[in-house]
Each structure stands twice: as C-alpha cells, then as structure tokens.
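J.: Fold the following and give me the result.
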Amino acid sequence: MKNPFLMKSFFMDNLPLEEVLFKLKIHKNERKERLNKMNKLVEERWLSIKERNIMKARILLSSAVLKRGIEQEKQYIKWCEETIQFIEQCQTLWDDQEEPYSLDEFDAIYLNYMQGVLE
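T.: This next block holds a predicted model:
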C-alpha cells in the first residue's frame, strides 16, 4: 500500500522532535475525522436500508468495504498513538550528541513497541 505520510515519516529523523510529534498528532486527528465521516455514512446508509426495507448484493458488498475501511482507520489511529508514545519515550535520540546511543538504553522500549511483529 502506498502511503505518502508513511513515506514522509520514514525521513522525519531529520526534523526537530517537536515537529515530528506535531505532524503525527495532526495526522492522527485527520484520520479521526475520516473515521467519524465513515461512521456517519454507515449510520445514514443503515437508516436508508431500514426505511426502504430492502437488501441487495450491492448494499451488502459496499457495507463490507465500508467495514474494512473503518477497521483500517481505527488501526491507523492506533498506530499514530503508539508511535507518538514510542517517540516520546525515546526522545533523547533527538538530542545532539556525538556518540550514538547503545541498544541497551532502548531495548525494552523497542521490544515493547514492536510486540506482535518480532515473534
């Protein structure tokens, strides 16, 4: 899946910490707005279905697509929240220092964030 925001996020290490967090929070809010619109659409469609008292294959399939979209938005919002928290826990990586940090300093935080992926 191509996602411009994820691609930009990949290179945000060159930005100040505050700007990275700001961009993630703005993006999270944009995704929440999308989710709200999708939920409203589902409610409106359900009322329309009940009012007309009919069901068709097209309605069924479009509902399945909307359901998947809603699930995806929820997962994306969760990713934003977890990533914001992860970055806040590792904010010292944005400090100016000559020597790189050792993994020992971030091992538990990293493994916790990547839980479910590194199994």
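J.: Distance of Tyr76 relative to Arg34?
T.: The gap separating Tyr76 from Arg34 is 9 Å, by CB to CB, to the nearest Å. For every residue, glycine as well, the C-beta is placed using N, CA and C.
J.: more crowded one of these two?
T.: Tyr76 (20 against 16; other CB atoms under 10 Å).
J.: What distance do you get for the residue sitting nearest the centre point of the chain to Ser63?
T.: Nearest residue to the geometric centre of the chain (CA atoms, centre = their mean): Tyr76, 2.4 Å. Going from Tyr76 to Ser63 by CB to CB gives 20 Å.
J.: Over to Asp96?
T.: 52 Å.
J.: more crowded one of those two?
T.: A direct count of neighbours by other CB under 10 Å for Asp96 and Ser63 places Ser63 higher, at 15 against 4.
J.: tell me which element the more buried one falls in.
T.: Following DSSP states H and E, one finds Ser63 within helix 57-89.
J.: tell me the mean pLDDT for the longest helix seen in the chain?
T.: Of all the segments assigned as helix in the chain under DSSP state H, the longest by residue count is helix 17-52. Averaging pLDDT along helix 17-52 yields 96.
J.: List the buried residues in stretch 100-107.
T.: Phe106 (16 or more other CB atoms under 10 Å).
J.: How about the longest helix of the chain, which residues are buried there?
T.: Leu17, Val20, Leu21, Leu24, His27, Lys28, Arg31, Arg34, Leu35, Met38.
J.: can you put these in a markdown table and add distance to Arg68?
T.: Below are the buried residues of helix 17-52 laid out as a markdown table (distance: CB to CB, whole Å):
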| residue | distance to Arg68 |
| --- | --- |
| Leu17 | 34 |
| Val20 | 29 |
| Leu21 | 29 |
| Leu24 | 24 |
| His27 | 20 |
| Lys28 | 20 |
| Arg31 | 15 |
| Arg34 | 14 |
| Leu35 | 13 |
| Met38 | 10 |
